[in-house]
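In: When you get a sec, could you give me coordinates for this:
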Amino acid sequence: VQLVESGGGLVQPGGSLTLSCVASGFTFSSYDMSWVRQAPGKGPEWVSAIDTGGRSTYYADSVKGRFTISRDNAKNTLYLQMNSLKPEDTALYYCARGTGWRKYDYWGQGTQVTVSS
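Out: Residues are numbered from 1 along each chain as shown. I've put the predicted structure just below:
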């Protein structure tokens with residue numbers, strides 16, 4: 001199993017970024033997927049989840065209305081569109097393979113998102 005995130009970077013408050021996570025080594029379309037983030041000095045925070053077919057999506061209150069999770073099962077890729085970014089969104093963002101509600105068995109290496117002026 002391999003999950004490789006990309007798309008992070010430095011962005012000003014109010015800006016946008018799109019994260020991608022390419023999956024390999026398993027049947028991507030058979031698993032719910034999530035984005036989880038970890039800010040410096042804090043524990044992991046669940047951000048968003050999506051079901052196998054992409055029909056059901058879920059968001060933490062802190063990102064609801066600003067972030068959009070999606071997936072392309074033909075490309076084995078998970079996405080996170082992030083708009084109206086705030087400094088408190090600064091964190092290392094991971095994609096994770098789901099094994100239940102907010103339970104994961106594999107994580108990627110993470111991609112850094114920094115929101116600062």
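In: any idea which strand is longest in this protein?
Out: Criterion DSSP state E: the longest strand present in the chain is strand 91-100.
In: Contacts only, for the residue sitting nearest the centre point of the chain.
Out: In the chain, the residue lying closest to the centroid (CA atoms, centre = their mean) is W35, at 2.9 Å. W35 is in contact with 19, 21, 46-49, 69, 78, 80, 93-96, counting by CB atoms under 8 Å, 6 or more residues apart in numbering. C-beta coordinates here come from the backbone N, C-alpha and C atoms, glycine included.
In: Now name the helix or strand holding it.
Out: strand 33-38 (DSSP states H and E).
In: Strands along the protein, start to end?
Out: Under DSSP E, the chain gives strands at 2-6, 9-11, 17-24, 33-38, 44-50, 57-59, 67-72, 77-82, 91-100, 103-107, 111-115.
In: Could you list every helix and strand in contact with the second one?
Out: Under the contact criterion of 3 or more CB pairs under 8 Å, 6 or more residues apart in numbering; DSSP states H and E, strand 9-11 touches strand 111-115.
In: same deal with the third one?
Out: Counting contacts by 3+ CB pairs under 8 Å, 6+ apart, strand 17-24 packs against strand 2-6, strand 33-38, strand 77-82, strand 91-100, strand 111-115.
In: what do you get if the cut-off is 6 Å, keeping everything else the same?
Out: strand 2-6, strand 77-82 (3 or more CB pairs under 6 Å, 6 or more residues apart in numbering; DSSP states H and E).
In: That strand pairs with which strands, and in what direction?
Out: strand 2-6 (antiparallel), strand 77-82 (antiparallel) (DSSP bridges).
In: Kindly report the same for the fourth one.
Out: Strand 33-38 pairs in its sheet with strand 44-50 (antiparallel), strand 91-100 (antiparallel), by DSSP bridges.
In: Can you tell me which of those strands is nearest to L10?
Out: L10 lies closest, by CB to CB, to one member of the strands paired with strand 33-38: strand 91-100, at 13.1 Å.
In: Return the set of buried residues in the closest one.
Out: Buried positions in strand 91-100, judged by neighbour count with 16 or more other CB atoms under 10 Å: A91, L92, Y93, Y94, C95, A96, R97, G98.
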